[in-house]
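> sequence plus predicted model, see below.
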Amino acid sequence: MRKINHTQNSSEKGFIALFFILGISFTFLTWISLGSERVFEYLQVKKDFVQVRAELHHHVLCADSFVRIMIASDYNLTFVDNSFSFDRHAYFDDEGRCQVSDIRMVRVNEHIDKIFFISEDFSFEYQFKNGFVNHILSFKLP
């Protein structure tokens, strides 16, 4: 009859369990590391998006404010060197200085059909229909 050493058998089982637990732990740590890297990439992309969107929002507010001023003045603003500067007050806590240049208006039958202008490095074209803004086209200049 053969004698089985219980201490050797239990230590082998312990080593197998230890390697199994370490293998699973290593797998989970790798998975968490890769997942957190994706989270940080997402946060960076979102931060860049918010920053670009805030810059674009400033230009859009300037463009809308300029057109609102034009409409309120019955399109009788005086432009110096084809440009116009004004303080923007779109909201109570919103203040900004706007510089609009290269203003071009297309008149059709005593009515303004289009207004084209540049706000810093963005261009805007507002198209009107029956005195109301019908279409807005904007793009960033190269």
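That came through, no problem.

> tell me what the helix or strand bottoming out on mean pLDDT in the chain is packed against?
Scoring the helices and strands of the chain by mean pLDDT, DSSP states H and E places helix 6-72 at the bottom, with a mean of 75. Helix 6-72 makes packing contacts with strand 84-88, strand 96-108, strand 111-119, strand 122-129, strand 132-140 when contacts are defined by 3 or more CB pairs under 8 Å, 6 or more residues apart in numbering; DSSP states H and E. Heads up, the C-betas are built off the backbone N, CA and C, glycines and all.

> residue 21: which of those is closest?
Residue 21 sits nearest to strand 132-140 of all those, at 55.1 Å, using CB to CB.

> what's the angle from that closest one to helix 6-72?
For strand 132-140 against helix 6-72, the angle by axes from the mean of the first three to the mean of the last three CA atoms, to 10 degrees is 130 degrees.

> angle of strand 132-140 against strand 122-129?
Using the same axes, to 10 degrees, strand 132-140 lies at 160 degrees relative to strand 122-129.

> what sits up against strand 132-140?
Residues outside strand 132-140 that contact it (CB atoms under 8 Å, 6 or more residues apart in numbering): 59-60, 63, 67, 121-128.

> let's see that with 7 Å instead.
Contacts with strand 132-140, where a contact means CB atoms under 7 Å, 6 or more residues apart in numbering, come from 67, 121-128.

> how about a markdown table for those residues, with neighbour count and distance to residue 136 added?
Listed next are the contacts of strand 132-140 as a markdown table, based on neighbours: other CB atoms under 10 Å; distance: CB to CB, whole Å:
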| residue | neighbour count | distance to residue 136 |
| --- | --- | --- |
| 67 | 18 | 9 |
| 121 | 10 | 17 |
| 122 | 18 | 12 |
| 123 | 17 | 11 |
| 124 | 21 | 7 |
| 125 | 16 | 7 |
| 126 | 23 | 6 |
| 127 | 15 | 8 |
| 128 | 18 | 11 |
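
> related to what we said a few turns ago, make CSV out of the helices and strands packed on helix 6-72 and add distance to residue 27 and mean pLDDT.
Output for those, formatted as CSV (distance: least, CB to CB, whole Å; pLDDT from 0 to 100):
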stretch, distance to residue 27, mean pLDDT
strand 84-88, 55, 83
strand 96-108, 52, 84
strand 111-119, 54, 84
strand 122-129, 49, 87
strand 132-140, 46, 81
